[in-house]
Every structure is written in C-alpha cells, then in structure tokens.
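Enquirer: here is the input, now give the coordinates:
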Amino acid sequence: MGTTHVRAYQSVGATLVAVLDQSEDRRSGAINNTGNIGSARQEQLFDPDSLNATDDLDAFLATPELELVSICTPTDTHIELAQRVINAGKHLIIEKPVALRSIDVQTIGEQASDAGVLCMPAMCMRFWPAWAYVKQLIDQRTLGQLRSLHLERLGAAPTWNDDFYLNPDRSGGALFDLHIHDTDFINHAIGIPEGVTTTGTANHHTTTYHYPDQELQVIAQGGWLPAPTFPFTMRLLARFEEGVADFDLARDDQLLVHRKDGSTETPTLDPADGWQAEVSAMVNAVASYASEAPATMQSASDSTRILEAERESLARGSAVHLDHSSVF
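Expert: Predicted structure coming up:
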C-alpha cells in the first residue's frame, strides 16, 4: 500500500519529500509490487537521492517540507505512529483498518482534532468512481429508492507478510482487512444499521445488515479463499425501484446501469482509481485549509463498530444490535 500511495501522490502532482521504511531495499525506491488489484511487477518508484529516505521516525518527521503523511504499515502499528505524526503537527492518511477497536479510532480522531490537523481513514471504495456513482444514485434517487444492495469481495489468502495477515490478532483476518471495504461503503451509502447477522468464519463470511425498512435487503460476502489461483473478485449489485446498477471488476465495462424501460447504460466515469481519488481529495483539503478531511474519523469509528458487531455475531451465532447512542 505504500507503493500505491506513492503512485497516487505522483499522479496528482504532489511532491514526495520523505519515505520511512525499515527495509533498505524499499528505501532505495526499487519496488516489487504485489496485491489484489493489478499484476506484480518491479519498478523504480522514486530516486532515493531526491528525498529523505530513512528508517528513523524522528528524522522522517523532521523533514522541513513534510505536510501530509500516509501511514501504510501493519494495522497494529497505526495508533502509535498516528500519535507521533499528530504530535509533530502533520496531516495524515491512515490505511484501513485504522485499528481493530472503534475506541482507538475515536481516540485518534479526537487527538487529531485537538491538534488542528486533518486525519483521514483511507477508505478507497468511497472514492472508487463506479461506487461513488452508485452512492450518487442512492442519494439522488435517480432510479427511485434503493431496494437492495449486494456486495461481494473474495480473493486468495495473502501470500505476502504472512506473519501479519494470517494472524487475526494483528490483522483482524479477512473480516477487518478485506470485508471492511464493503461494511464501510454500506455505512457511507446507507448509514449505520440497527443490527447485523454474520455467518461463516472470520476469513469467509456473509453479513446481513438490518435497517428499519424491512423491504431493504443489504448483504455482503467477503473472504480469503484457500486457493492461490482464485482471482480477486469485487462485485456490487444495487436494485432500485426503476433499475439496477451492476458492477463487476472482471468486466471491460465494469459498471452497467439497467433501466426499467429496457435500456442499458455504461456511465462515463473518472479514469482515476479510488486511491488516486482519495489522495487527490486529501491533498486538496490540506491545500485549501479545509476544516475537515474528505472522509472523517467519526465515520471510520462507526464502520469499525459495525465490524465489531459482525465479529460478535459470528461468535454468538445470532444477530447483534448496534447501539446508536454511542455514535460520537
């Protein structure tokens, strides 16, 4: 994800002034890329002589030109690093999940607010052009009211950094590290549910989100599958009163809108991906002295509370109610 963020900053014309990494190879700018989306390849990402490439956090934060920091380290290091960045007076983006406990997400949000710095959770699906388009359909009711939302996010178990990803105490398993995208989008697009019912396991699960409107059906399946050759799958199906929005990452035309009158539309979307769009939004917020980040830590805390309820539902084997009075 560090590589992804660097590419995103470069794509929006931001200047990379410092890199903090424990790996000497990565500090050299030579990157071997792996991940769910995009093929693996090696490239020279940056010239180490043109910036402050270091393994020392204090030296990194002391870089005079540094204004905005992306934290792309394992989840269990986020809180300490975020506090150090905030104390240094730098704005920051924290990769998902921000933390495995909603109280920790809330604490970092409060500390950033008190320090007067912008702090944004890197929830890229909010900014993914096709998904942002679907959010617009929901908000504007262009196709009438939303009646159902089905999401699917499946892939082979990560083969990189096994000590982190395959240790649920560190990563939260697929529930927190992969499925979080869909839970967060549901929270972003529809709001916090009254409760959740989750079946399966922490690494392959299906959640039903319960809302006061009994006709609204919201379901998300996520997981890491025990098959290294299984292709990464990302799908969305939103049924409205007057049509259906259908997204499939594997198609050439990833987003199709099928209308009740029998027509099918392929919307024209921004060519940027979700990472570029989220970084661009945060860079613009910093440059314009915005009072709030494009995605808030409050919303990240809310999404984490939903995930905590999903984890509890898995353990209990029953539905779990969400207490809306605890939203901050």
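Enquirer: could you give the average pLDDT over stretch 31-41?
Expert: In this model, stretch 31-41 has a mean pLDDT of 59.
Enquirer: how about stretch 179-198?
Expert: 98.
Enquirer: in that stretch, which residues are buried?
Expert: By 16 or more other C-beta atoms under 10 Å, the buried positions in stretch 179-198 come out as 179-190, 192-193, 195-198. C-beta here means a position set from N, CA and C on the backbone, and glycine is covered the same way.
Enquirer: for stretch 79-91, same thing?
Expert: Judged by neighbour count using 16+ other C-beta under 10 Å, the buried positions of stretch 79-91 are 79, 81-82, 84-86, 88, 90-91.
Enquirer: what sits up against that stretch?
Expert: 57, 61, 66-69, 71, 73, 92, 94, 98-99, 104, 107-108, 111-112, 115-119, 282, 286 (C-beta atoms under 8 Å, 6 or more residues apart in numbering).
Enquirer: swap in 7 Å and give it another go.
Expert: Under the criterion C-beta atoms under 7 Å, 6 or more residues apart in numbering, residues 57, 61, 66-69, 71, 73, 92, 94, 99, 104, 108, 111-112, 115, 117-118, 286 lie in contact with stretch 79-91.
Enquirer: among those residues, name the buried ones.
Expert: By 16+ other C-beta under 10 Å, those give 61, 66, 68-69, 71, 73, 92, 94, 99, 104, 108, 111-112, 115, 117-118, 286 as buried.
Enquirer: how about the helices in the protein?
Expert: Ranges of helices in the chain, per DSSP state H, are 2-11, 24-27, 57-61, 78-87, 102-115, 129-140, 162-165, 168-171, 173-177, 180-189, 274-287, 297-316.
Enquirer: got the angle for the fifth one vs helix 78-87?
Expert: With axes from the mean of the first three to the mean of the last three C-alpha atoms, to 10 degrees as the criterion, the two stretches helix 102-115 and helix 78-87 enclose an angle of 10 degrees.
Enquirer: one step back: which among the buried residues of stretch 79-91 gets closest to Thr206?
Expert: Within the buried residues of stretch 79-91, proximity to Thr206 (C-beta to C-beta) peaks at Ile79, which comes in at 29.9 Å.
Enquirer: so how far is Ala99 from the closest one?
Expert: 6 Å (C-beta to C-beta, to the nearest Å).
Enquirer: ok, His181 next?
Expert: 16 Å.
Enquirer: what do you get for Ser50?
Expert: 33 Å.
Enquirer: what's the neighbour count on Leu51?
Expert: 17 (other C-beta atoms under 10 Å).
Enquirer: phi, psi for it please.
Expert: phi -150, psi 180 (degrees, to the nearest 10).
Enquirer: confirm for me that it is in contact with Thr15.
Expert: No: counting by C-beta atoms under 7 Å, Thr15 is not a contact partner of Leu51; they are 8.7 Å apart.
Enquirer: would you mark the buried spots in stretch 216-224?
Expert: Per 16+ other C-beta under 10 Å, stretch 216-224 contains these buried residues: 216, 218-224.
Enquirer: tell me the one of those nearest Asp270?
Expert: Distances from Asp270 to the buried residues of stretch 216-224, taken by C-beta to C-beta, are shortest for Ala220, at 24.4 Å.
Enquirer: specify the beta-bridge partners of that closest one.
Expert: Leu151, Thr207 (DSSP bridges).
Enquirer: where does the stretch 201-328 of the chain dip in pLDDT?
Expert: 325-328 (pLDDT under 70).
Enquirer: how about a cut-off of 80?
Expert: Low-confidence segments of the stretch 201-328 of the chain (pLDDT under 80): 324-328.
Enquirer: residues near the residue nearest to Leu166 when sequence neighbours are not counted, how many?
Expert: For Leu166, ignoring the flanking residues on the chain, the nearest one in space by C-beta to C-beta, 6 or more residues apart in numbering is Ala157 at 7.0 Å. The local packing of Ala157 (other C-beta under 10 Å) involves 19 other residues.
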